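Asker: Here is a sequence with its predicted model. Questions after.
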Amino acid sequence: MPTAAIAFDAFQRLADEDCEARIVAAKAALGKRAVILGHHYQRADVYKHADLTGDSLKLSRLAASTAADYIVFCGVHFMAEVADILSRPEQISILPDLNAGCSMADMANLAKVERAWRELSEVFDPDEQVTPVTYINSAADLKAFCGEHGGIVCTSTNARKILEWSFAQQPKVLFFPDQHLGRWTGHKMGIPLEEMPVWDPDEPMGGLEVEQIRKAKILLWKGHCSVHQMFQASHILRYKSQYPDAIVISHPECNFDVCRLSDYVGSTEFIIKTIAEAPPGTRWLVGTELNLVNRIAEQFKPEGKIVQFMAPTVCMCSTMARIDPQHLAWTLENLVQGKVVNQITVPEEEAALARLALERMLQVS
């Protein structure tokens, strides 16, 4: 008679050091049957157990190329969905805690995007005027929407290439869910700010006049990252007044003024690479998630590089932090027993359309 999955209650009160030993033992028992993915923003006590580390798309692609049966994604929900979409059919994608979501991804849902599409049809035929572009930080059904409507997915690394491709298809773009990435990318392409109005999904017609919609090149969805919105231009100005030689580097999910005052703007991988290649003894102010900044600060301290977190208050990805050593130990020990908990499965019809949008992105970039 098959045994039931081990309940999480047995792990809830486990001390972190006990979890540590059990994670190591479970990993050894599973061997190559399981691969643990650790996103750059993951907390240190979980990140250290990852077999592969990086940003969300890179991790999903790497996991699909492994021989692992189980992909244990220490990230957030949309990342595990992408892993399920891009992995081989026999691979199983798992999120150790189903509460690990993304507030930005939640700011655009399918019902609101479909309503926006219907409202746009009162001005023109959106399928003949608009390329929908979703940031990879979005739910699978939004990627599927883009696949169905001739659209595409982008990352913070390839956003410019993706927008260039999008404008070659249609004269306008609907960009969701992060307005800041869309605005900064459009700005770098020379698009005036007045041609990138914000579409508020909670207002009729996005809160815009018909003429604004007609003149728009990019309709920016009213969404943002709760971590990156904490960084302000005043933080940069105050730091530079103390340390004029400091170099400022920020993620494009930061607001426009922060990006404009930064010396460099780019993805998590770009931030790590840029600081790694910098001369010893340089001083950096970094506008991205705290766990990553702390990790970089420790990594490059021996080179005399000073890496400072931009915000004066603690600012981390609290939803990703829900994946703790207790949840990871619980997930792995169930796999040792042959039990899968918290599998993430994207329905096949939805996955096929989402895969189409992702494949367009990979071909373009």
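Answerer: Everything's here; your move. Numbering: from 1, shown residues only.

Asker: Tell me how the chain divides into domains.
Answerer: 9-101+319-345, 105-226, 228-309 (automatic domain parsing).

Asker: Take those domains and write them to JSON lines, including mean neighbour count.
Answerer: C-beta here means a position set from N, CA and C on the backbone, and glycine is covered the same way. JSON lines is the format used below for the domains of the chain (neighbours: other Cβ atoms under 10 Å):
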{"stretch": "domain 9-101+319-345", "mean neighbour count": "20"}
{"stretch": "domain 105-226", "mean neighbour count": "20"}
{"stretch": "domain 228-309", "mean neighbour count": "18"}
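
Asker: Please produce a markdown table containing those, extended by distance to residue 357 and mean pLDDT.
Answerer: Listed next are those as a markdown table, based on distance: least, Cβ to Cβ, whole Å; pLDDT from 0 to 100:
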| stretch | distance to residue 357 | mean pLDDT |
| --- | --- | --- |
| domain 9-101+319-345 | 10 | 94 |
| domain 105-226 | 4 | 97 |
| domain 228-309 | 19 | 96 |
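
Asker: Of these, which is nearest residue 364?
Answerer: Between residue 364 and the domains of the chain, the tightest spacing by Cβ to Cβ is seen for domain 105-226, at 4.6 Å.

Asker: got the end-to-end distance for the closest one?
Answerer: Across domain 105-226, the terminal residues are separated by 11 Å (Cα to Cα, to the nearest Å).

Asker: quick one on the thing from earlier: okay, the domains of the chain in CSV with distance to residue 359 next?
Answerer: Below are these laid out as CSV (distance: least, Cβ to Cβ, whole Å):
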stretch, distance to residue 359
domain 9-101+319-345, 9
domain 105-226, 9
domain 228-309, 20
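
Asker: Among these, which comes closest to residue 360?
Answerer: Taking Cβ to Cβ, domain 105-226 is the member of the domains of the chain nearest to residue 360, at 4.6 Å.

Asker: which one of the domains of the chain lies closest to residue 353?
Answerer: So among the domains of the chain, domain 105-226 is nearest, using Cβ to Cβ, at 3.6 Å.

Asker: Is it correct that residue 291 is in contact with residue 47?
Answerer: Yes. Look at residue 291 against residue 47 with Cβ atoms under 8 Å: they come within range, at 7.3 Å.

Asker: which other helices and strands contact the helix of greatest length in the chain?
Answerer: Assignment by DSSP state H gives helix 348-364 as the longest helix of the chain. Applying 3 or more Cβ pairs under 8 Å, 6 or more residues apart in numbering; DSSP states H and E, we find helix 348-364 packed against helix 77-86, helix 140-148, strand 152-154, helix 159-169.

Asker: Please convert those to CSV, extending it with distance to residue 219.
Answerer: As requested, the helices and strands packed on helix 348-364 are exported to CSV (distance: least, Cβ to Cβ, whole Å):
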stretch, distance to residue 219
helix 77-86, 22
helix 140-148, 14
strand 152-154, 15
helix 159-169, 12
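
Asker: For residue 55, find the nearest of those.
Answerer: Among these, the nearest to residue 55 by Cβ to Cβ is helix 77-86 (9.1 Å).

Asker: following the closest one, which helix or strand comes up?
Answerer: In the C-terminal direction, the helix or strand that comes right after helix 77-86 (DSSP states H and E) is strand 92-94.

Asker: Who are the packing partners of that following strand?
Answerer: By 3+ Cβ pairs under 8 Å, 6+ apart, strand 92-94 packs against strand 70-74, helix 77-86.

Asker: nearest to residue 361, of the domains of the chain?
Answerer: Comparing the domains of the chain by Cβ to Cβ, domain 105-226 comes nearest, at 4.6 Å.

Asker: Residue 33 and residue 69 touch, don't they?
Answerer: Yes. Between residue 33 and residue 69 there is a contact at 4.9 Å, judged by Cβ under 8 Å.
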